[in-house]
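**Q** Give me the fold of what follows.
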Amino acid sequence: MPMPERYYRELVQRHLETERQAKRDTWREWIRVLSGIFFWTLLGLLGLALAFHTYDLDRAWVYWWAGAFVWVTGVLGTCLAAYLRGVHRGDWI
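**A** Predicted structure coming up:
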């Protein structure tokens, strides 16, 4: 027996609204991840830039490695957190 037209339209409307919400959540997540990557990259580059603005070679290496550490761990942490949020949301297994 075919589905009545009224129920079919309600089902289509519900699916369209759910799809809009899912797309909105996806864009929000993209913006969140990209802004996190941008922030940690800038913070790490600030540490790297400090290495070039000092005359003490030992201090320059400390700034260099601290900037590299902040940069890599920040970006890695942001990507890992995004992956775990996606797993929790059910985007992938």
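**Q** Could you check the pLDDT of the residue nearest to the spatial centre of the chain?
**A** Closest to where the C-alpha atoms of the chain average out (Cα atoms, centre = their mean) is residue 33, at 1.6 Å. Predicted confidence (pLDDT) at residue 33: the value is 97.
**Q** What strand or helix carries it?
**A** helix 5-52 (DSSP states H and E).
**Q** What's the first helix or strand after that helix?
**A** Next along from helix 5-52, by DSSP H and E: helix 57-89.
**Q** helices or strands up against that next one?
**A** helix 5-52 (3 or more Cβ pairs under 8 Å, 6 or more residues apart in numbering; DSSP states H and E). Where you see a C-beta, it was placed from the backbone N, CA and C, and this is true even at glycine.
**Q** what number of residues lie near residue 38?
**A** Close neighbours of residue 38, defined as other Cβ atoms under 10 Å, add up to 12.
**Q** Check which helices and strands the helix holding residue 33 sits against.
**A** Packed against helix 5-52 by the contact rule (3+ Cβ pairs under 8 Å, 6+ apart) you find helix 57-89.
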